[in-house]
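>>> The following comprises the amino acid sequence and a computationally predicted model.
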Amino acid sequence: MPSHAPLIAIALSLASIAAAMAADVPAPSLGAHVFLGQGEGLGSSPATTPAMTTQARDSVFVAFNAGYASNDARPSDTYGNTWKRLGHAATYANYGNRFNVNAWVALGGKGGPSHTVSIVKRGEPKGELSLPFVEVRDARRVAAFAQSYADPSLVVASDAIEVDGPATLLAFWWGDGGVKQMTATPGDGFTLIDAFVQLPDESGVQGAVAWRQVSEAGRYRVHWTAAPVQGASLWIIAIQ
C-alpha cells in the first residue's frame, strides 16, 4: 500500500502555517471615542464631533444620531468611509414621534489624525442632537447586535447577544425621561467611556456609552442603573 506520510506531513505543515498566521492577527480592541452633545436651540448644521486620531486602516467605526427624527441624514466623515444603518430607527416614547435614535456603522474603516464625523441637520438645524463616535481597531465585522426599548425602571437590561470568540462589546443607553441631571451606570463588566447626562438648561438628548472586552465565546448582555427612573432605548453590539 502507498504511504500517506508525505500527505500527512504537508497537512500538518499547512495547519502550522495557518495557526501561526492566526496568531499574528491582533484581536479587536477599543480605539478612539468621543461624544458630541448639542443642546436644544444651541445646535448647528452640520453637527460635527470633536477631532480624534484613529487607526489608518482595519477599523470598524460606530456612530449614533439621537435627536429630531427630521435630522436623520446619513453620517459622513473626513476619511470618506461608507456608513450603513445598523438595525432600525428607535422612536422615543411619549414625544409624538418627533425624536428617534439611529445607529450607523462603517466597516473596513480608514482613519488618521483629525478624524471627525458630521451629520447634516435638515429638519431642525439648531435642534438638540447627540452623536457618539467610537472606533474598534483591528476589526472586520459586526458579529452580533441587539436593540430594544426598556420600560421605565431603576435597572434596565439590554437583550442578549452571542459571540463565537473574542470580541469588543459596545453598549449604548438612550434615556427618554424629561430630566436634565441624571446618572447612567453599566454593570456586567462594562465600563462607562462617554456620557451626556448633565444636560444644559435648554435640554438635550441624554446618552451613555460603555464597553467590555471578552476573550471567549458566550452570551452577553448589559444592565444599566439609571436615576431618576426613566425608560431607555438600548443597544449592545459585538465587533470582531
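All right, it came through fine.

>>> Could you list the low-pLDDT ranges of this structure?
1-24 (pLDDT under 70).

>>> could you redo the last one with a cut-off of 50?
Segments of the chain classed as low confidence (criterion: pLDDT under 50) are 1-2, 5-22.

>>> which element is the residue nearest to the spatial centre of it on?
Residue closest to the mean C-alpha point of the chain, counted by C-alpha atoms, centre = their mean, is residue 62 at 4.5 Å. Taking DSSP states H and E as the definition, residue 62 sits inside strand 59-68.

>>> which secondary structure elements does that strand contact?
strand 99-109, strand 117-119, strand 129-137, strand 167-175, strand 223-239 (3 or more C-beta pairs under 8 Å, 6 or more residues apart in numbering; DSSP states H and E). Heads up, the C-betas are built off the backbone N, CA and C, glycines and all.

>>> mind redoing it with 10 Å?
strand 29-38, strand 99-109, strand 117-119, strand 129-137, strand 142-157, strand 167-175, strand 207-214, strand 223-239 (3 or more C-beta pairs under 10 Å, 6 or more residues apart in numbering; DSSP states H and E).

>>> Nearest to residue 67 among these would be which one?
strand 129-137 (3.6 Å; C-beta to C-beta).

>>> orientation of that closest one relative to strand 167-175 in degrees?
170 degrees (axes from the mean of the first three to the mean of the last three C-alpha atoms, to 10 degrees).

>>> Count the residues that sit near residue 50.
Counted with other C-beta atoms under 10 Å, residues neighbouring residue 50 total 11.

>>> That one: what's it in contact with?
34, 35, 36, 114, 115, 116, 133 (C-beta atoms under 10 Å, 6 or more residues apart in numbering).

>>> Would you point out the most distant pair within those?
Farthest apart among the contacts of residue 50 - using C-beta to C-beta - are 35 and 114, which lie 17.5 Å from each other.
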